[in-house]
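[1] I would like to see how this sequence folds:
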Amino acid sequence: MAAEVESAQRRAAAAQQALRVRHLRRLGGWVPGTRIGRVAWPPAGRPLSKERLTASWNYWWQAHLVDVLVDGAIHRDDARCERDATALLRGIRFRNAGRWTNSYYDDMAWLGLAIERVERHLGPGAASCRPRALRVLRDRVYDAWAPDAGGGIPWRTTDTFFNAPANGPAAVLLSRTDRIERSIAMADWMDEHLRLPSGLIADGLWCHADGTCELDDSLYTYCQGVALAAQTQTYRHTGDRARLHRIDALLTAVADRFTTDGVIHAAGGGDGGLFGGILARYLAFVATDLTDDGPESVSIRERAAWIVTASADAAWANRAEHEHLPVFGHDWRVPAVVPTAVGPAGRRHGGAVASSKTPERDMSVQIAGTILLEAAVAVTIGSPEDIVSTPG
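    Coordinates of the predicted model:
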């Protein structure tokens, strides 16, 4: 067991170092006390070129970068990860024109989750504005609840698409910030409106002014991850066995539809580069935080952990290397390639970010690989989020 722990920690530390060297920099290249994640490596254009200066920065990728830095800090007491997480939050705020919010409720939920974990795991900083930031983001997603319009909370402020990527992380955030009843309502809304006959969770529900709604039954790995997280979080508060059965059924469906030999399927680069990492994070959450020792729970924890470790082993075995640091593939089942600056870097189109010509160039893909390896550390050392004990 000691060898497994050492191996898992070593791999995750290498992944964090690769992110630090290739993607973390001072905001604007010079603002002291800040960090921001460079969204492509190699970066687009020359320093101070128009291409470099106008490159998108992708708020929600930055939120997941904060979150994975927290993983490194709590799993290995990595002081560099702790400092970078704090500096990155400063960079995000400055880059976002002094605001914590934007027009996308899923983005705000992700950043709220990252800030909550910084506060809980790393402790409040001197003169920190993070508690206020957390309240602002929590209240935004709380107030977006719109049952009369068909939701749920919407994907963004400008439409009535009520989807899993907004409601799932929002449910977890609200549970962790003392809005438990709303968190439970969100988890129940997702199960009632988005669960398909296969047991998987659909992308979302388009609702119209005439009261009709249309289901978008597209399937994405990260929708399954956030649904597992929401059900696990609310089960820990309620002890409701129906939620445990939901987790069991969804995990079975995920293993059948989204894994091969236990390895999570790819979703490309761009925004899709994060999808597998998000599923891995919340599979690890199921494995470490599903609290009770009944046979169903034990089986669920073991199956969730196995997917995480099998995926991590595959991602590591198929990594490329550049200057002795790993480069993770967008598909953990096949060998990764070292990206070059040839071709366009990922660009925003509407509400989403498209893949770079070589998906491994995208920070999203490298964050996901690091999330996966930190998730493997969590299940190997048994490191829970430890929010609340299950009643009864």
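[2] who's the closest spatial neighbour of residue 332, skipping the chain neighbours?
    Nearest residue to residue 332, sequence neighbours excluded (CB to CB, 6 or more residues apart in numbering): residue 315, at 3.9 Å. Just so you know, the C-beta spots here come from the backbone N, C-alpha and C atoms, and that holds for glycine as well.
[3] that neighbour sits in which helix or strand?
    Here residue 315 sits within helix 295-317, counting by DSSP states H and E.
[4] for that helix, packing partners?
    Packed against helix 295-317 by the contact rule (3 or more CB pairs under 8 Å, 6 or more residues apart in numbering; DSSP states H and E) you find helix 2-22, helix 241-258, strand 259-260, strand 263-264, helix 275-289, helix 363-381.
[5] gap between the residue nearest to residue 332 and residue 293?
    Using CB to CB, to the nearest Å, we find residue 315 at a distance of 31 Å from residue 293.
[6] equivalent analysis for residue 184, please.
    Residue 184 is 24 Å from residue 293, where distance means CB to CB.
[7] excluding chain neighbours, what is closest to residue 365?
    residue 273 is the one closest to residue 365 (CB to CB, 6+ apart), at 3.8 Å.
[8] residue contacts, the one you found?
    By CB atoms under 8 Å, 6 or more residues apart in numbering, the contact list for residue 273 reads 267, 330, 355, 359, 362, 364-365, 367-368.
[9] could you rerun that using 6 Å?
    Residue 273 is in contact with 330, 362, 364-365, 368, counting by CB atoms under 6 Å, 6 or more residues apart in numbering.
[10] so for it, what's the pLDDT?
    The model reports residue 273 with a pLDDT of 98.
[11] do residue 48 as well
    At residue 48, the pLDDT value in this model is 57.
[12] mind putting the helices and strands packed on helix 295-317 in JSON lines, mean neighbour count and distance to residue 107 included?
    Shown next, in JSON lines, are the helices and strands packed on helix 295-317 (neighbours: other CB atoms under 10 Å; distance: least, CB to CB, whole Å):
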{"stretch": "helix 2-22", "mean neighbour count": "18", "distance to residue 107": "20"}
{"stretch": "helix 241-258", "mean neighbour count": "18", "distance to residue 107": "24"}
{"stretch": "strand 259-260", "mean neighbour count": "15", "distance to residue 107": "27"}
{"stretch": "strand 263-264", "mean neighbour count": "26", "distance to residue 107": "23"}
{"stretch": "helix 275-289", "mean neighbour count": "28", "distance to residue 107": "13"}
{"stretch": "helix 363-381", "mean neighbour count": "28", "distance to residue 107": "14"}
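[13] make a markdown table from these and add distance to residue 83 to it.
    Formatted as a markdown table, the helices and strands packed on helix 295-317 follow (distance: least, CB to CB, whole Å):
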| stretch | distance to residue 83 |
| --- | --- |
| helix 2-22 | 11 |
| helix 241-258 | 35 |
| strand 259-260 | 36 |
| strand 263-264 | 31 |
| helix 275-289 | 22 |
| helix 363-381 | 17 |
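[14] now do residue 8 against residue 382, distance only.
    For residue 8, the distance to residue 382 - CB to CB - is 12 Å.
[15] now residue 124
    Shown here: residue 124 relative to residue 382, a distance of 26 Å by CB to CB.
[16] kindly report the same for residue 295.
    In terms of CB to CB, residue 295 sits 19 Å off from residue 382.
[17] looking at these two now, which is surrounded by more residues?
    residue 382 (10 against 7; other CB atoms under 10 Å).
[18] residues touching that one, list them.
    By CB under 6 Å, 6+ apart, the contact list for residue 382 is empty.
[19] circling back: nearest to residue 68, of the helices and strands packed on helix 295-317?
    When the helices and strands packed on helix 295-317 are compared by CB to CB, helix 363-381 sits nearest residue 68, at 5.1 Å.
[20] how far away from the center of its chain is that closest one?
    Centre-to-centre, helix 363-381 and its host chain are 10 Å apart (CA atoms, centre = their mean, to the nearest Å).
[21] for stretch 177-193, same thing?
    With CA atoms, centre = their mean as the basis, stretch 177-193 stands 19 Å off its chain's centre.
[22] same check, this time on stretch 99-106
    16 Å.
[23] mind checking how far the residue nearest to the spatial centre of the chain is from residue 64?
    Residue closest to the average C-alpha location in the chain (CA atoms, centre = their mean): residue 278, at 3.9 Å. Shown here: residue 278 relative to residue 64, a distance of 8 Å by CB to CB.
[24] what does residue 173 give?
    14 Å.
[25] and what of residue 294?
    For residue 294, the distance to residue 64 equals 33 Å [CB to CB].
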